[in-house]
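Asks: Structure here, sequence nowhere to be found:
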């Protein structure tokens, strides 16, 4: 399972910038990594783990802005079409149950 978090947070005032930085830090400490600017992703073993992660994030969201989450399977994630650029990551992107390294 992959949890994808999309967000658009205001960052005009110094307080909003601090809230933005704290939110990104919260995401990173909970195992998310950046897929694109304002799009973070995390792998989970099952739906329960993904739900628990989103619940933890939900308890600490900033007061302003727009945040959405979506959970997809590994097979759905592997079927993403990259139209421009090159997706580079150290994370394995396969739906295989057994991976030989």
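Replies: Looks like it arrived, so ask away. Everything quoted here is computed from the prediction, not taken from an experiment. Numbers count the residues shown, from 1 in each chain.
Asks: Now for residue 3, how many residues are close by?
Replies: Residue 3 has 23 neighbours, counted by other Cβ atoms under 10 Å. Using the backbone N, CA and C atoms, a C-beta is placed for each residue, glycine as well.
Asks: next one: phi and psi at it?
Replies: phi -100, psi 130 (degrees, to the nearest 10).
Asks: okay but residue 20 is in contact with residue 64, surely?
Replies: No: between residue 20 and residue 64 there is no contact under Cβ atoms under 8 Å: 10.1 Å.
Asks: Have a look at the two and say which one is more surrounded.
Replies: Neighbours per residue (other Cβ under 10 Å) separate residue 20 from residue 64, with residue 20 holding more: 17 against 10.
Asks: What distance do you get for that one to residue 78?
Replies: 31 Å (Cβ to Cβ, to the nearest Å).
Asks: Residue 54 now?
Replies: From residue 54 to residue 78 the distance is 21 Å (Cβ to Cβ).
Asks: If we go by neighbour counts, what in the helix ranked longest in the chain is buried?
Replies: If you go by DSSP state H, the chain has its longest helix at helix 14-29. Within helix 14-29, the residues that count as buried by 16 or more other Cβ atoms under 10 Å are 16, 19, 20, 23, 24, 26, 27.
Asks: okay, the residues you listed in TSV with distance to residue 43 and pLDDT next?
Replies: Putting the buried residues of helix 14-29 into TSV (distance: Cβ to Cβ, whole Å; pLDDT from 0 to 100) gives the following:
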residue	distance to residue 43	pLDDT
16	30	94
19	26	95
20	24	95
23	20	95
24	18	96
26	17	95
27	14	96
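Asks: ok, now which ones touch the residue nearest to residue 23 when sequence neighbours are not counted?
Replies: Closest residue to residue 23 apart from its sequence neighbours, by Cβ to Cβ, 6 or more residues apart in numbering: residue 62 at 5.5 Å. The contact partners of residue 62, by Cβ atoms under 8 Å, 6 or more residues apart in numbering, come to 9, 16, 19, 20, 22, 23.
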